[in-house]
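*Asks:* Okay, sequence plus prediction incoming.
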Amino acid sequence: MAAVRILGIDPGTLVVGYACLEVAVSGARGSGGDVPLAMRASNVVRVGGGGGEDVRLLVAGALDLGGRHAPLPVRLRSLADQFAGLLRSWTPHEVAIEEAFYGKSVQAALRIGEARGVVLAESARAGLEVHQFAPARVKRCVTGRGAAGKDAVAAMVGQLVQHGRQALHSSLPRDATDAVAVAWTRLEQRRSPLVMARAVADPKGRAGSQ
């Protein structure tokens, strides 16, 4: 039985959450493509074979980019170096990342976009496909509500995912549990029959799907 590793990223320019999920698959799976709007809007949390028993959380945490006192270019360089280190250490097959959200402020969204650019570039350098998801979709996938708060997301991924044989540690920073949720969203996308059907029709897949 093969295994697929998905590295989830919650981007930022001060702290970046990360989490790597490993899921057992019974056969070759395509990397997927765009999902129809009807599936994107679903409030149903699909858990494949009955939950997260086939999923392991290999690692989760947060990258400290140096704090507000560090110039932005220095923080982005730190992100590039640390993210490349994650790719070397955990050898994921795919990267999943949250999209920038303009609800709080345009300036904050622009800053997150700069961090996202680093992750996208380093993923491309490593030859990895990147899947991007709107924050509301991530929340809806793991909690059933697109407006769920960070604590609700953390509580739900703690139920969905085990770290080894232990439950997901409650003291993980919210950036890390958000990254678990991003990776889980990609996992559920992979499990969708709609995505699998498209993968059979187009075995090469397409990068940057949503």
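*Replies:* Received the coordinates, thanks.
*Asks:* Quick check: next helix or strand after the lowest-mean-pLDDT helix or strand in the chain?
*Replies:* Ranking every helix and strand in the chain by mean pLDDT, DSSP states H and E puts helix 37-40 at the bottom, with a mean of 30. Under the assignment DSSP states H and E, the closest C-terminal helix or strand after helix 37-40 is strand 55-64.
*Asks:* Show me what counts as buried in that next one.
*Replies:* 55-57, 60, 62-63 (16 or more other Cβ atoms under 10 Å). C-beta: built from backbone N, CA, C; applies to glycine.
*Asks:* before we move on, what about stretch 134-151?
*Replies:* 134-143, 148.
*Asks:* Kindly reformat those as JSON lines containing distance to Ala3 and secondary structure.
*Replies:* JSON lines is the format used below for those (distance: Cβ to Cβ, whole Å; DSSP: H, G, I helix; E, B strand; the rest coil):
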{"residue": "Ala134", "distance to Ala3": "28", "secondary structure": "coil"}
{"residue": "Pro135", "distance to Ala3": "28", "secondary structure": "helix"}
{"residue": "Ala136", "distance to Ala3": "29", "secondary structure": "helix"}
{"residue": "Arg137", "distance to Ala3": "25", "secondary structure": "helix"}
{"residue": "Val138", "distance to Ala3": "23", "secondary structure": "helix"}
{"residue": "Lys139", "distance to Ala3": "27", "secondary structure": "helix"}
{"residue": "Arg140", "distance to Ala3": "27", "secondary structure": "helix"}
{"residue": "Cys141", "distance to Ala3": "21", "secondary structure": "helix"}
{"residue": "Val142", "distance to Ala3": "21", "secondary structure": "helix"}
{"residue": "Thr143", "distance to Ala3": "26", "secondary structure": "helix"}
{"residue": "Ala148", "distance to Ala3": "29", "secondary structure": "coil"}
